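Colleague: Sequence first, predicted coordinates after that:
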There are 6 protein chains.
Amino acid sequence: MGKIVCFGELMLRLNPEGYLRIPQADCFLASYAGGEANVAVSLANYGEHAMFVTMVPDNPLGQSAINSIRHWGVDVSWMKKGGERLGIYFVEKGASQRASRVVYDRKYSSVATSTVADYDWDEIFDGADWFHFTGITPALSDSLVEVCIKACKAAKEKGITISCDLNYRKNLWSKEKAGKVMSELVPYVDVLIANEEDAQDVFGIKAENTDLIGGKISDEGYVEVAKKLIERFGCKKVAITLRGSISASVNNWAGLLYEDGKAYKSKNYTIDIVDRVGGGDSFGGGLIYAIHNGFAAQDTIEFAVAASCLKHTIEFDFNMVSVDEVKKLMSGDGSGRVQR
Amino acid sequence: MGKIVCFGELMLRLNPEGYLRIPQADCFLASYAGGEANVAVSLANYGEHAMFVTMVPDNPLGQSAINSIRHWGVDVSWMKKGGERLGIYFVEKGASQRASRVVYDRKYSSVATSTVADYDWDEIFDGADWFHFTGITPALSDSLVEVCIKACKAAKEKGITISCDLNYRKNLWSKEKAGKVMSELVPYVDVLIANEEDAQDVFGIKAENTDLIGGKISDEGYVEVAKKLIERFGCKKVAITLRGSISASVNNWAGLLYEDGKAYKSKNYTIDIVDRVGGGDSFGGGLIYAIHNGFAAQDTIEFAVAASCLKHTIEFDFNMVSVDEVKKLMSGDGSGRVQR
Amino acid sequence: MGKIVCFGELMLRLNPEGYLRIPQADCFLASYAGGEANVAVSLANYGEHAMFVTMVPDNPLGQSAINSIRHWGVDVSWMKKGGERLGIYFVEKGASQRASRVVYDRKYSSVATSTVADYDWDEIFDGADWFHFTGITPALSDSLVEVCIKACKAAKEKGITISCDLNYRKNLWSKEKAGKVMSELVPYVDVLIANEEDAQDVFGIKAENTDLIGGKISDEGYVEVAKKLIERFGCKKVAITLRGSISASVNNWAGLLYEDGKAYKSKNYTIDIVDRVGGGDSFGGGLIYAIHNGFAAQDTIEFAVAASCLKHTIEFDFNMVSVDEVKKLMSGDGSGRVQR
Amino acid sequence: MGKIVCFGELMLRLNPEGYLRIPQADCFLASYAGGEANVAVSLANYGEHAMFVTMVPDNPLGQSAINSIRHWGVDVSWMKKGGERLGIYFVEKGASQRASRVVYDRKYSSVATSTVADYDWDEIFDGADWFHFTGITPALSDSLVEVCIKACKAAKEKGITISCDLNYRKNLWSKEKAGKVMSELVPYVDVLIANEEDAQDVFGIKAENTDLIGGKISDEGYVEVAKKLIERFGCKKVAITLRGSISASVNNWAGLLYEDGKAYKSKNYTIDIVDRVGGGDSFGGGLIYAIHNGFAAQDTIEFAVAASCLKHTIEFDFNMVSVDEVKKLMSGDGSGRVQR
Amino acid sequence: MGKIVCFGELMLRLNPEGYLRIPQADCFLASYAGGEANVAVSLANYGEHAMFVTMVPDNPLGQSAINSIRHWGVDVSWMKKGGERLGIYFVEKGASQRASRVVYDRKYSSVATSTVADYDWDEIFDGADWFHFTGITPALSDSLVEVCIKACKAAKEKGITISCDLNYRKNLWSKEKAGKVMSELVPYVDVLIANEEDAQDVFGIKAENTDLIGGKISDEGYVEVAKKLIERFGCKKVAITLRGSISASVNNWAGLLYEDGKAYKSKNYTIDIVDRVGGGDSFGGGLIYAIHNGFAAQDTIEFAVAASCLKHTIEFDFNMVSVDEVKKLMSGDGSGRVQR
Amino acid sequence: MGKIVCFGELMLRLNPEGYLRIPQADCFLASYAGGEANVAVSLANYGEHAMFVTMVPDNPLGQSAINSIRHWGVDVSWMKKGGERLGIYFVEKGASQRASRVVYDRKYSSVATSTVADYDWDEIFDGADWFHFTGITPALSDSLVEVCIKACKAAKEKGITISCDLNYRKNLWSKEKAGKVMSELVPYVDVLIANEEDAQDVFGIKAENTDLIGGKISDEGYVEVAKKLIERFGCKKVAITLRGSISASVNNWAGLLYEDGKAYKSKNYTIDIVDRVGGGDSFGGGLIYAIHNGFAAQDTIEFAVAASCLKHTIEFDFNMVSVDEVKKLMSGDGSGRVQR
């Protein structure tokens, strides 16, 4: 199998210990994370050759970002050094009725200011058979919109499968801008990933009979959403995560995969949350792994959902689980009995 | 609006990390707290001019106590220095069937040994329109009973609204002593606050059809309690918190406000607890803020309960939430979805 | 009453902070633990004269192991120094659907390589009226099988009560070997302890109508298991813990005691878990204490189960609770209200 | 006495624990600091009314910055909220031959992008008799050059004493730019502060017979530097810190004050360093306090140098010492005997 | 050899991490310590049967105090439970020119309020041949003066050797009171220990040619002090520690022993200090061990000084060294080469 | 340039925080280290292609070991999985007169039990031009002696330069055994590295006029040692580190290189030590880098000594410095001035 190329931003994530709020913190736990980097780490942990492409500043923080994913076996040979700064985001972990809060300080980052000239996609895609990016990357700057288009075109030409997670972030761009840009990018995409809010936010495609704040989610409604996405953009597969947020401490978690005119719904998990940031990315990582390894459709969505269920029990963005651990949960063992 | 004056003790709170028991602790997390100081910090976080009045020793611990609330914007110009020691209390956080445990080492504290001569209420109340204290303060020493009476009289003369949280502590004084002293103080009080146990402990006013250990709470019973308190002492408003303690990890939480012959019951919240110490004080802080800002009765009790619901998700005694965060929960969004 | 002698291994337990996985850990919390040592500490905390017998290496780690239980009042006068190394085990705390994981590095430990010549049971049992060991000890080495047999014989001769927790560990020995060895040892045992899996693993005695992964447990089935154990080996009492593992975060917990032809079932507790390692040992500690102090059969099983319920809320293997705390829970107060 | 107004940037300071390098850090200790804010905290600790003027973003980090100096009693009523981000700097603590390293991420900060319209100097200077800023502030942006000029003019008109610490930072601006801008600002300055490198970097005024890397410092040379600064800019007093950097762990530390044609040299201290960042600012704080309180010239320089000597033994930028502690050291007691 | 009985207070010691000052601390490291308990732990670490006698409150802190020295093998069978509180002291670790600071909060402690009726010296001294106390104990309360006198008399009658460390604490009592009380107690003492300040503070016996703040210490002067102490009180041996405090980070350390008309001076050590609190007590522990084990006079003082030199490199009050480690240093190996 | 292959053991290093002794530790900082792995990390940090060859167990600890050096860019494609356990060593950091202590628990490790069949040197050496190992590796087991011989022969055949650090460890083998084995291996070695004790311990070649405990080191003596090593074994270059251990806190550090009949002595550094474990390995890493990059002899020894001087200021075994940082120190700037 070929290598899987992920392109996006890698940031410094700073969060107070435990459930402290930011103004209570005397110390921030430091990790490194980003939507596409999280996927790359998932894939490396599953044994794939995952390469991450980005730009980081030429200072100790940029070096730390490189080390952070090289640590887990990600190929960093296309992490360039340049630009002014590493994006930072602060995460305040919520509990019960208090929501988690993310404060972004990612503007002016090295990757956001990088340009088409910085990436040689011919070289990057050498030996690759999969390309993954998310809607966050083009949201960072107009220059990255161009880079994404160029990368998609290059991938298409080489017959590389393209996956994209819509990942709408309202503080990075407006719904209008997102809709316009993503409408240009998604036609290149083979495997489209979205959460329960993205399709509506970006393309105005709303699920019927669903009330997210109230906690009601209609599977049927989301099957329709998937159908419409495929109709509009011609993707081969659409996968949607369905988070039922009971509170910041407990979530329901499931997903559905739509392909060849059929919908495959996963089991539902009720999760006591350790850290839910990166949950969607771990779904993407599981999904890509399963498709890349030829899993059947039902197994694919079960693998992706089980993988991301486990991610919610792991601190920080990266999903530190093995294929065996995901399969154990898929097969029904979520009893949590001590493994000695 | 005028400033809000809170009077009481500010202690050093020491608790082991996480769920460690005291004899397992190699380190104690240090914070500063006290029933009335907690209220003052809540109010300062809501943007009120909150002043805290007390006495602390003239040593680095006393200075730290001052800094701890100045940090959050409380007016400390009437925190006097004198006396022998800062009160200390140790908190061991419980979980599931194991109850949290508080070990007090607060005897002989500076404020407990302070006297009527130490406080110039004319000066303290300059510009104030609210005075708050709790039943803990007169429980600390006979000399503080006198100070409280003098403060209440001074406030009354100036037309300042007085609020009091009964806050009965069995290890500070007997029910008899508490009943006798509080019967002298409560007649000055406009807004009386109590939890589900206080009225019975202090005044022998029992809620019908209620079994606290068994977890059964009768709203009707507490409406009767509120009525009786108003009849006996002539307060304008009585607010009661209703904690249903399922375990040390999960509590139900609600409140009711009784005024002008009508009872207003809040929504009920089921809370995964981070730290429940200071929960009652955060209710007081929310209640005072809502009344001080002219909220309607139903909104008042909803604000107070939502504020204190959020407090249970925050480490240490102080309630670190903004008015907007409380209103978001009041308005029904307790889904805990990440705020990016 | 006489002293209670526990014999087995005392290891260094290393676990990452909080819910971190081992490859994420930059630091391991260090404690010391072992099946029989955990029982000894429980008993010392209840005020019993508990002695722990083992061998540890003559280096700072061996000394730390000694200190770790001397700290809690265990008699360490028969902790010998010798051999090559202290056994180590790593614990990764699970959450929700992710199971806790134990990695053993206990081979070649001082106690595993100790021999019959190292223990003078006449001297050790001087003043004792109870001897406790578990199935882990003979699993460590053939030489320890011999030591266990010799200890049992010596105890028997002196009329000392013998208790044994089957505690099957599949990575220490095969079911066949365990069955063979334990069939030789259990005939000496007066009080036999097992969890919901042991009897089947070691002796092939299966509970009917039970599916552990699926979370279904049949009390009747386990009464039959207890009966069969008594029939086969002639023990006086058999106690079985019944864990319903809903997830790594929440467990149901109960137990039953079978003696004189009657079964006594305890209350069931649903527990929010802090640390479940050592849960079975704390049951053993509570059981031995209750029998040693002449509790009635129903009180005995209630004490043992309440004690071990509390253990699940305490970090590390040792159960840090007093007799009063266990009795408070037995008597029905699991509401977790703050104890001030 | 009037209040002392300090104007500049307040940043988040992040440093790895102990002597870890940035790429080794899993956690950053969080404090807040800035050249002029450090001076304000020093002054508040000495009992002065110190006000700090700046702009911070309207998010939890901006609020934390405000809290951080309100904690120590600084008047924050002119800390405005606005702009995009809080400046950050990372500090890696050096040891022995390895130098400490500072990585700035302060570009685009709220204060750097603030403008003349954001500050009402008439209101700010109400009740003030001293204004302090450093060369870092105008280095941050052209817009801040304007603000500084406007502030100096306003202060001059009100007869307010102005102090300025040259504080050259080569990564913020070039020597040429610094020379040009500071030549415009220093003529307003009454009390000019510089370290052993600044005068040469900014104005090309070099001390004779001095080799900083080699550790040789000529007092005479620096007296000449002070003279020339006074001649060129007409300041009343010039104070220069003289750091003899033996290694990152041990420094010599002294200072000289030049006024009315005479030089006053302080004692020299050899310091085992705990944290030397903020050392120069603590000199400024001590100097301003001493002049503001009418100390004689020799006492002034001794106070400033003793204060900053103590700062080197204190973690983070703020100097947490009292007037009494500084005076004790000035009077010759640096023996470090335990104070019980 | 017989057991060694130490009598005094055991307190909770709280200190900020590293070199943080108390008002900077968010967490206090918790250990337990006290002048005589420190000696008992030293002795237990050397293999002696050391018993510690005191009273602690019957709460989790009192239990923790008991555990803290039982951990190291001290006999705690005469640590009684009673009284109101455990004494606390806060230690702020100094560095370089900044002195360490101790803040006591030990008034009203259980032991300070204990009385003659609480101690049965006949039983306590059963099997003992040495009794040790310090000048701190009678300084705590008049009731403890009585207890000390009674203990000394009982020891004398049984022919038990008595040692006493003068340990003058100016915040516990005045020099006059100390002089009066100690003049009554020291006549019972066989082995008297003092530091370079005590003899003058308590008895007005001043060493000639010595200037402690200036760092000058005259050995001859202290030989005279020792002589005078023996002449006045009839002790058999007097041992004096001689600390040359260069700074809070570096101290010179030596001692002298005077007996049978001859003075024995130890080597001098220059120490990079890790934690110097408890340094004097570790000298006492080493001295008692050496005399108890029949060391020659020169070896005795070398052992005591080497032991306490090592203590300065160890965190917290207790001296965690073995006889072999002390002898290695005595023999001249202080090169600090890694021991693999 | 070709890749540099390092072969040896990679262990889990556990050390208490700060200066705590092992029996005081509640937590061990976890890092991974080993003589040859340390060299590989140094080289990767200098930008070399460094490959590390070893065997680790197939469990989370083995995986963590792999991650630990992949993190820094070491090529781990020949880190095999197999065997029983990962070697562990505990490091207790000394201070002043108290020596650091290392407790090994490395017996039975995966690499120690690996055999000749586990390594395919043809494949490993593909593209390599340097092979490095130390005397620790053959000391681990007889089977590793064979592996080392086989690797040396394979390297020799391919014309690969071989370096070896004698690194004698007395607790791994006797001097006799070491002498015998190393006499077989060193004839293959081109670049031989030793510390001030190794040549005597392994080969009985003693430096004249040197007393290590007393701190006296004769350069001339070590030139003779180097000469003799070259005469006896035919190495091309011999490099010797010269540590003058003043105390555990302060060391003198220098080195000499002998080649082509000439000795090159480096500058001497006096170092305030942060962590000296791995100091020798960082010398090896610097030396190999300098030779591999064609530095002149004097520059080579200066680079190696400056690199290892810096290592002493860095926590844990790995040397986290860049070529630029080493060159800055070589060029004379050890003043430790803050780098902003």
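Modeller: Noted; the coordinates are in hand.

Colleague: Just want the residue of chain A that's nearest chain C.
Modeller: For chain A, the residue closest to chain C is A:G336, as judged by CB to the nearest CB, at 2.8 Å. C-beta coordinates here come from the backbone N, C-alpha and C atoms, glycine included.

Colleague: Not counting sequence-adjacent ones, nearest residue to that residue?
Modeller: Spatial nearest neighbour of A:G336, excluding adjacent residues (CB to CB, 6 or more residues apart in numbering or on different chains): C:A248 at 2.8 Å.

Colleague: And A:F318, by the same measure?
Modeller: In this structure, A:F318 finds its nearest non-sequential neighbour in A:V41, 4.5 Å apart by CB to CB, 6+ apart.

Colleague: my read: A:Q97 touches B:L329, true?
Modeller: Yes: A:Q97 is in contact with B:L329 according to CB atoms under 8 Å; the separation is 5.6 Å.

Colleague: Phi and psi next, for A:N252.
Modeller: With angles defined as degrees, to the nearest 10, A:N252 sits at phi -90, psi 150.

Colleague: Neighbours of it, how many?
Modeller: 15 (other CB atoms under 10 Å in any protein chain shown).

Colleague: For it, which residues count as its bridge partners?
Modeller: The bridge-partner assignment for A:N252, based on DSSP bridges, gives A:G244, A:T270.

Colleague: on that earlier part again, same drill for A:Q97 and B:L329, tell me which one is more crowded.
Modeller: Set side by side, A:Q97 and B:L329 show more neighbours around A:Q97, with 25 against 22, by other CB under 10 Å.

Colleague: Quick check, pLDDT for that one.
Modeller: pLDDT for A:Q97: 97.

Colleague: tell me the contacts of it?
Modeller: Contact partners of A:Q97, counting by CB atoms under 8 Å, 6 or more residues apart in numbering or on different chains, are A:S247, A:A248, B:Y269, B:I271, B:C309, B:L310, B:T313, B:L329, B:G334, B:G336.

Colleague: Cross those against helices and list the overlap.
Modeller: Judged by DSSP state H, the contacts of A:Q97 include B:C309, B:L310, B:L329 as members of helices.

Colleague: Reformat those residues as a markdown table; add distance to chain D and pLDDT.
Modeller: Supplementary listing: the ones in helices among the contacts of A:Q97 in a markdown table, determined by distance: CB to the nearest CB, whole Å; pLDDT from 0 to 100:
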| residue | distance to chain D | pLDDT |
| --- | --- | --- |
| B:C309 | 20 | 98 |
| B:L310 | 15 | 98 |
| B:L329 | 18 | 97 |
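
Colleague: from the residues you listed, which is closest to C:K3?
Modeller: Ranked by distance to C:K3 (CB to CB), those are led by B:C309 at 51.3 Å.

Colleague: nearest residue to the closest one other than its sequence neighbours?
Modeller: B:Y269 (4.4 Å).

Colleague: before we move on, the earlier item: shared neighbours of A:Q97 and B:L329, anything?
Modeller: When CB under 8 Å, 6+ apart defines a contact, the residues bordering A:Q97 and B:L329 alike are B:C309, B:L310.

Colleague: Is it correct that A:K156 is in contact with A:K150?
Modeller: No: A:K156 lies out of contact with A:K150 (CB under 8 Å); the separation is 10.8 Å.

Colleague: Pick out whichever of those two has more residues nearby.
Modeller: For A:K156 versus A:K150, neighbours defined as other CB under 10 Å are more numerous around A:K156 (16 against 13).

Colleague: isn't there a helix covering the more buried one?
Modeller: Yes: secondary structure assignment places A:K156 in a helix (DSSP: H, G, I helix; E, B strand; the rest coil).

Colleague: Averaged pLDDT, stretch A:60-73. What do you get?
Modeller: 98.

Colleague: before we move on, what about stretch A:146-158?
Modeller: Model confidence over stretch A:146-158 averages 98 on the pLDDT scale.

Colleague: gap between that stretch and the chain center?
Modeller: On the basis of CA atoms, centre = their mean, to the nearest Å, stretch A:146-158 is displaced by 19 Å from the centre of the chain it belongs to.

Colleague: which other residues reach that stretch?
Modeller: Here stretch A:146-158 makes contact (CB under 8 Å, 6+ apart) with A:7, A:114-116, A:118-119, A:121-122, A:125, A:128, A:131, A:133, A:137-138, A:162, A:184-185, A:188-189.

Colleague: Only alpha carbons, please: show that stretch as PDB.
Modeller: These are the backbone C-alpha positions of stretch A:146-158, laid out as PDB (Å, rounded to 0.1, in the frame of the first residue of the first chain):
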ATOM      1  CA  GLU A 146      -4.800  28.000  -3.400                       C
ATOM      2  CA  VAL A 147      -2.500  25.400  -2.000                       C
ATOM      3  CA  CYS A 148      -5.400  23.100  -1.300                       C
ATOM      4  CA  ILE A 149      -6.700  23.400  -4.800                       C
ATOM      5  CA  LYS A 150      -3.300  22.800  -6.200                       C
ATOM      6  CA  ALA A 151      -2.800  19.700  -4.000                       C
ATOM      7  CA  CYS A 152      -6.200  18.300  -4.900                       C
ATOM      8  CA  LYS A 153      -5.500  18.700  -8.600                       C
ATOM      9  CA  ALA A 154      -2.100  17.100  -8.300                       C
ATOM     10  CA  ALA A 155      -3.600  14.200  -6.300                       C
ATOM     11  CA  LYS A 156      -6.400  13.800  -8.800                       C
ATOM     12  CA  GLU A 157      -3.900  13.600 -11.700                       C
ATOM     13  CA  LYS A 158      -2.000  10.900  -9.900                       C
END
